[in-house]
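1. mind looking at a prediction? Sequence and model below.
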Amino acid sequence: MSQDTLFDKVWDLHKVSSLPGGSDQIFIGLHLIHEVTSPQAFGALKDKKLKVKFPDRTVATVDHIVPTDNQSRPFKDNLAEQMIETLEKNCLEHKIRFFNIGSGNQGIVHVVAPELGLTQPGMTIACGDSHTSTHGAFGSIAFGIGTSQVRDVLATQTLAMNKLKVRQIWCDNKLSKGVYAKDLILHIINKLGVKAGVGFAYEFAGPAIHELSMEERMTICNMSIEGGARCGYINPDEKTFSYIKNKLCAPNNDYWDKALRWWKSLKSDENSIYDDVIKLDASKVEPTVTWGITPGQSISINQQIPLLDDLSSNDKLVAKEAYEYMSFKPGQLIKDTPVDVCFIGSCTNGRISDLRVAAKVLKGKKVSKNVKAFAVPGSEKVATEAKQEGIDQIFKDSGFQWREPGCSMCLAMNSDKLIGNQVSASSSNRNFKGRQGSPSGRTLLMSPAMVAAAAINGKVSDVREFIN
Amino acid sequence: MKSEFTPPIGKISNMNGQCISLIGNDIDTDRIIPARFLKCVNFDSLGKSVFEDDRTTLKGKHPFDLEENKNASILVVNSNFGCGSSREHAPQALIRWGIKAIIGESFADIFYSNCIAIGIPCFTLPKKSIEEIQNYCDNQFLFLEIDLKNSLAKSKDLNFNLEIKESSRKMFLSGEWDATSTLLDNKNLIENKFNQLPYIKFNTNFL
């Protein structure tokens, strides 16, 4: 059992009680909600005649269903309009702070909370969305929950949970040029598998992690769940603190020093005990692309799609399903696979640094005529910043469509969808069957820079050929 | 899909039912209920859409479409079932189709919590036993009697010692698996914790 890790410390700090069944009651410091997983939770509160216990500890935004082409109200899609109206009504009724479209702070919930300074070290954070693990990049313990648990947090600000085990993933050296946080996390998930993290929190550590910017760290923690880990985190450091400083909801004046003092005390002890430790060499990671139907089915850009015999017996079943669904042959190269759609955005890679790196690749180049390419900033703030830096223009000049903020084609709950068996090069997080809106659509996950390269060439390409 | 849905309440200790086998590892919640069905403000109509895209692809040959499975209530799956999205819509769709319990090699964490929260016990068995059940189901009906108190599954031909998290088992047996009221019992402790947390004080800009 782990001891003295950041996870243990934050868990113990937030433990309210031991429940009769053996699980713990954990206080949730920050609760984030959005339009898709909250309406039924508010409905259940009403049925049980309960109130929101600490309305100040819940913050809302709208992201999953928002159209990215025309956001004027009412939305063209009646169901989407009904969902945003329900959220508006619930927030108003329960006095919950809501960052709506046009507020300047709306966007994907996992992009918005950090940029507002809501996400802070040492907190417990829950949200009805599996990518809540993103917030662990700040040294918080953050995890996704279902709608019944959203109800519990609204009603009690606590959750019943079994404590997770802790696995440290130590990344030595540093990433090489043209290799990004996305490549590293895809590599980790491939090495460990998509279910290795079940029952674990992942602590990402080591020189390669230390080197990453806060936004890159968010990309890493974001995809912990794709490795099965409900929670992923990184010990906070100076980069964490300076990212938070002066943000809208960050501690100010005298409180800043107090906060800083406490945050600096928050990290895994040198001699802390982990349930498991994995070490890997980040300098060996290459631009990585998924070829299959789980985020664990990935290879380096110059590798071949694995042969069945190269895989463990456990992986064979899904591999067979993947060859068939993706229409790939074992042994085929992933490089030069033609793509139909290129998508840059999502809570994994829709932040300003992601757009900057893609813009650098796109500058002065044109998107292939066979490709429909679009960029969806992660938030209104990201969109504003991109405009100030002229990044939106670079995208538009290259032939990308520049859209309004939202989750968009990561899960295709709005009108941004693949058609038929189109192949998409996507900076999002899931390549599941049908994930991008077409039951036979095919998704290749990669870094935003790699998506930009694929857009230009009309096929999967090595971005290192563009940046040297 | 069964016509009337009544959500389970109170103590859950014994379950009897016909097994429905669904073969495959890493079956994610997008497959259980595709995202387009999440555009709803209640869960009522999800049952008919469970596995919608997989079922369309298999043109009537999906286990959830086979006539012989229409009264089944115990789902038997392989490993990492329910991975991906946290959408509770997935177990809500399964329970509305008629699933009352799931037996599998392993479950994704959030899916497991969601099942427990709505009253679907999830049991694990070793790969070998799951395959034994799935092979059996290929040729004949398998009716299992599940005894949660002793974690046993019995049938005419096959018997298994099921595994389930002790906390979940206790919650179902005591009827306290609907966590809200249990959590609310500690009202004072919650207030105390709120007042003790260091960051509550310095988050004056929070709202």
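-> Arrived safely, thanks for sending.
2. tell me the buried residues in stretch B:14-25?
-> B:15, B:17-22, B:25 (16 or more other Cβ atoms under 10 Å in any protein chain shown). C-beta: built from backbone N, CA, C; applies to glycine.
3. quick one: mean pLDDT over the lengthiest strand in chain B.
-> With residue count as the measure and DSSP state E as the assignment, chain B has strand B:14-21 as its longest strand. Strand B:14-21 shows a mean pLDDT of 96.
4. chain center to it, what's the gap?
-> Its chain's C-alpha centre and that of strand B:14-21 lie 13 Å apart, by Cα atoms, centre = their mean, to the nearest Å.
5. same thing with stretch A:406-426?
-> Distance, centroid of stretch A:406-426 to centroid of chain: 16 Å (Cα atoms, centre = their mean).
6. which residues are in contact with residue A:388?
-> Residue A:388 makes no contacts at all, as judged by Cβ atoms under 8 Å, 6 or more residues apart in numbering or on different chains.
7. which strands and helices sit next to the longest strand of chain B?
-> Counting contacts by 3 or more Cβ pairs under 8 Å, 6 or more residues apart in numbering or on different chains; DSSP states H and E, strand B:14-21 packs against strand B:74-77, strand B:101-104, helix B:127-139, strand B:143-147.
8. mind putting these into CSV with mean neighbour count and mean pLDDT?
-> Listed next are those as CSV, based on neighbours: other Cβ atoms under 10 Å in any protein chain shown; pLDDT from 0 to 100:
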stretch, mean neighbour count, mean pLDDT
strand B:74-77, 25, 98
strand B:101-104, 24, 98
helix B:127-139, 15, 95
strand B:143-147, 18, 97
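9. nearest to residue A:151 among those would be which one?
-> With respect to residue A:151, and counting by Cβ to Cβ, the nearest of those is strand B:101-104 at 21.9 Å.
10. now for the closest residue to residue B:149 other than its chain neighbours, how many residues are close by?
-> Residue nearest to residue B:149 in three dimensions, not counting chain neighbours: residue B:13, with 5.7 Å by Cβ to Cβ, 6 or more residues apart in numbering or on different chains. Each residue near residue B:13 was counted by other Cβ atoms under 10 Å in any protein chain shown, and the total is 16.
11. got it, and residue A:323?
-> The number of residues packed near residue A:323 is 19, by other Cβ under 10 Å.
12. identify each buried residue in the longest strand along chain A, please.
-> Taking DSSP E as the criterion, chain A has its longest strand at strand A:165-172. Residues of strand A:165-172 classed as buried: A:165-171 (neighbour count, 16+ other Cβ under 10 Å).
13. can I get those in TSV with pLDDT?
-> Listed next are the buried residues of strand A:165-172 as TSV, based on pLDDT from 0 to 100:
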residue	pLDDT
A:165	98
A:166	98
A:167	98
A:168	98
A:169	98
A:170	98
A:171	98
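14. now, among those, which is nearest to chain B?
-> Within these, the smallest distance to chain B is 11.3 Å, found for residue A:165 (Cβ to the nearest Cβ).
15. excluding its backbone neighbours, what's nearest the closest one?
-> In this structure, residue A:165 finds its nearest non-sequential neighbour in residue A:275, 3.9 Å apart by Cβ to Cβ, 6+ apart.
16. pretty sure the one you found contacts residue A:5?
-> No - counting by Cβ atoms under 8 Å, residue A:275 stays clear of residue A:5, with 9.4 Å between them.
17. who does the closest residue to residue B:129 other than its chain neighbours form a beta bridge with?
-> Once flanking residues are discounted, residue B:129 sits nearest to residue B:160: 5.6 Å by Cβ to Cβ, 6+ apart. Note on residue B:160: beta-bridge partners by DSSP bridges are residue B:153.
18. domain-wise, how is chain A divided?
-> The record's domain parsing of chain A by automatic domain parsing lists A:6-264, A:288-467.
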